[in-house]
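# here's my sequence, what's the structure:
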Amino acid sequence: MEMFSGFDFSEYGPLSKFGQHPKFESSFKKWRRRLLNGQSSNVVKLADIPKLGGVYLIPRDQYIEIVDGFGDTIAIGSPGNAMFPFSSYDFFGDIYEDEYFQELLEQPFFRLGKISQLGYLVPPKPESWKLNVSIIYPAPYFVHTRWAHSRLVAFLMEVILAKHGYTDEERLPVVLTAAYHDVATPAGGDSVKRVDAEGLNEEENFEWVLRHYDLVQKWSDKYGFDIEKAKQWVKGIGLFGRLLDIIDRVAYTALDCYYVGSSRPCKLRFLGLENPLTLDVWQDLKFNDDRNDFAFTDPNRLFKFLLFRAYEHEELLMNPYSRALDFFLQKLVQPLYKTGMITREQLLLGDDEWLYGVFKEHYPNKNLWAFIEPEIISWKKFDSLEGLQRFCFGDETIDHVEQIKGFDTGLGLGVYSGEKIVSVRELLTEDQIEELEEINKQVKGYYAYWIKE
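Reported below is the predicted structural model:
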């Protein structure tokens with residue numbers, strides 16, 4: 001059996017064009033020729049960049065060097081930069097100079113930078129992969145964090161509300177809620193939430209975390225923040241709650257699909273290459289004249305986004321190969337949580353690094369955080385609970401079971417048909433609807449997992 005790490009195959013590595021604006025590569029080549037000819041770099045002042053609210057829209061169709069008011073270059077990895085693949089713009093918020101965006105430097109938000117967005121999930125295994133090849137992945141494989149996701153959500157909320165005429169006073173409480181919507185993610189992420197689905201529920205613990213850091217009163221005094229309204233928005237209730245739910249989907253789809261498609265050939269990669277500006281779907285959001293509802297204006301681009309998201313669920317989030325070891329953290333935390341060695345409060349305030357330290361103390365003989373080996377897990381899908389139970393009955397080798405219920409296809413999202421808002425289902429073709437529903441149907445089922453001998 002040949003063994004390779006997930007990064008050993010150069011032909012499966014990141015693609016230069018994947019996730020980029022279709023005009024970026026030619027712009028980059030022109031910039032490189034300028035340097036070779038001894039010409040200066042293409043410098044643009046931040047003050048000359050388009051801005052919506054407090055967020056600068058950095059064009060992704062050109063390679064430029066951006067300098068701030070002091071003439072200093074804004075580094076690509078700056079905490080104020082939010083990468084937005086498959087779109088026309090990246091975002092930049094001056095979190096050091098802008099008093100409002102300085103709230104993104106608070107400890108609970110900073111903590112999210114040490115929580116992996118995708119935990120132990122790994123890229124899909126191509127059907128053409130050699131049968132005698134087993135892959136070992138670094139843990140965690142995907143590098144983006146809840147912090148990167150939450151920052152993009154906050155900036156998206158800011159630019160959308162500013163674009164539609166909401167004042168600073170109207171925007172600030174909503175954008176703060178958007179930025180902190182995942183603040184109660186426990187250390188270890190989604191896998192650990194299964195340890196206590198009720199006690200570690202992000203939405204229910206949102207207020208607790210903010211109060212723990214004395215942010216509720218501070219924000220109320222400074223920005224008119226209403227914790228009761230914010231709790232409803234985090235749960236997807238009300239106008240801004242529904243908007244936050246959509247923006248959340250847009251943000252995690254952009255980042256997740258970029259990193260998955262960059263890893264190796266898959267449906268996400270091919271769809272992204274064919275439709276490089278799919279995530280410009282955010283620009284299609286439009287409020288009605290009374291600003292009591294909103295919908296998308298381009299049903300075809302919305303369909304591409306929903307297809308992107310459907311492939312993400314099929315190939316990653318609900319792919320048994322990709323999630324075979326996603327229960328690993330839950331199994332380690334469960335006994336410690338049950339006996340009180342790890343508490344709910346510790347999980348809500350700690351991060352992945354803290355959790356790793358706890359594991360080292362309680363599991364000194366286990367090599368926990370070096371590599372992920374999904375190839376050691378076998379799995380089988382069943383259409384019914386009875387079939388799963390018959391398969392597992394009396395078999396002590398079964399590691400775990402789960403039911404995958406599918407995902408929201410998004411066919412109920414609103415789009416404009418003239419001045420009227422209707423379900424996007426009404427404006428798509430039968431083939432488009434069938435494609436989304438078939439993907440959802442294929443992932444549904446009952447799954448058993450066991451360790452290979």
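# and the next helix or strand past the longest helix belonging to the chain?
What stands out as the longest helix in the chain, according to DSSP state H, is helix 238-263. Next helix or strand after helix 238-263 toward the C-terminus (DSSP states H and E): helix 267-274.
# sorry, back to before: and the longest helix of the chain with helix 267-274, angle?
With axes from the mean of the first three to the mean of the last three CA atoms, to 10 degrees defining the directions, helix 238-263 sits at 100 degrees from helix 267-274.
# next, the buried residues of helix 238-263.
Buried residues in helix 238-263, counted by 16 or more other CB atoms under 10 Å: 240-263. (C-beta placed from N, C-alpha, C; glycine too.)
# which residues of this structure score low on pLDDT?
1-16, 40, 75-77, 131, 367-371, 453 (pLDDT under 70).
# distance of the residue sitting nearest the centre point of it from residue 197?
In the chain, the centroid-proximal residue (CA atoms, centre = their mean) is residue 252; its distance is 2.5 Å. Distance from residue 252 to residue 197, counting by CB to CB, to the nearest Å: 20 Å.
# that older thread, which ones are touching the residue nearest to the centre of the chain?
When contacts are counted by CB atoms under 8 Å, 6 or more residues apart in numbering, residue 252 touches 117, 149.
# try it again with 6 Å
The contact partners of residue 252, taken as CB atoms under 6 Å, 6 or more residues apart in numbering, are residue 149.
# quick check: it vs residue 85, distance?
For residue 252, the distance to residue 85 - CB to CB - is 12 Å.
# again with residue 297
From residue 297 to residue 85 the distance is 22 Å (CB to CB).
# neighbour-wise, which of those two wins?
Neighbours around residue 297 and residue 85, counted as other CB atoms under 10 Å, are more numerous at residue 85. The numbers are 23 against 13.
# for the more buried one, give its distance to residue 245.
Taking CB to CB as the criterion, residue 85 is separated from residue 245 by 21 Å.
# same thing with residue 47?
34 Å.
# what's the answer for residue 189, then?
Residue 189 is 19 Å from residue 245, by CB to CB.
# tally of neighbours for residue 28?
14.
# name the nearest residue to it, ignoring sequence neighbours.
Sequence neighbours aside, residue 63 is the residue nearest to residue 28 in space, at 4.3 Å (criterion: CB to CB, 6 or more residues apart in numbering).
# quick check on residue 96: phi, psi?
phi -90, psi -30 (degrees, to the nearest 10).
# how far away is it from residue 104?
The spacing between residue 96 and residue 104, counted by CB to CB, is 10 Å.
# neighbour count: those two, which is higher?
residue 104 (22 against 12).
# phi, psi for the more buried one please.
The phi/psi pair for residue 104 (degrees, to the nearest 10) is phi -80, psi 0.
# excluding chain neighbours, what is closest to it?
residue 95 (5.0 Å).
# do I have it right that that neighbour meets residue 101?
Yes - with contact defined as CB atoms under 6 Å, residue 95 counts as touching residue 101 (4.3 Å).
# so for those two, which residue has more residues nearby?
Between residue 95 and residue 101, counted using other CB under 10 Å, residue 101 has the larger neighbour count: 22 against 19.
# contact partners for that one?
93, 95.
# how about the one 10 residues further on?
Listed by CB under 6 Å, 6+ apart, the contact partners of residue 111 are residue 351.
# where does it fall, helix, sheet strand or coil?
Taking DSSP: H, G, I helix; E, B strand; the rest coil as the rule, one finds residue 111 in the helix state.
# look up how far residue 323 lies from it.
Distance from residue 111 to residue 323, by CB to CB: 25 Å.
# for residue 416, same thing?
Residue 416 is 37 Å from residue 323, by CB to CB.
# swap in residue 364?
Counting by CB to CB - residue 364 and residue 323 are separated by 27 Å.
# look at those two and report which has more neighbours.
Ranked by neighbour count (other CB under 10 Å), residue 364 and residue 323 place residue 323 first, with 25 against 7.
# distance of the more buried one relative to residue 344?
24 Å.
# residue 390 too?
Distance from residue 390 to residue 344, by CB to CB: 37 Å.
# what of residue 193?
In terms of CB to CB, residue 193 sits 11 Å off from residue 344.
# likewise for residue 186?
Applying CB to CB to residue 186 and residue 344 gives a distance of 8 Å.
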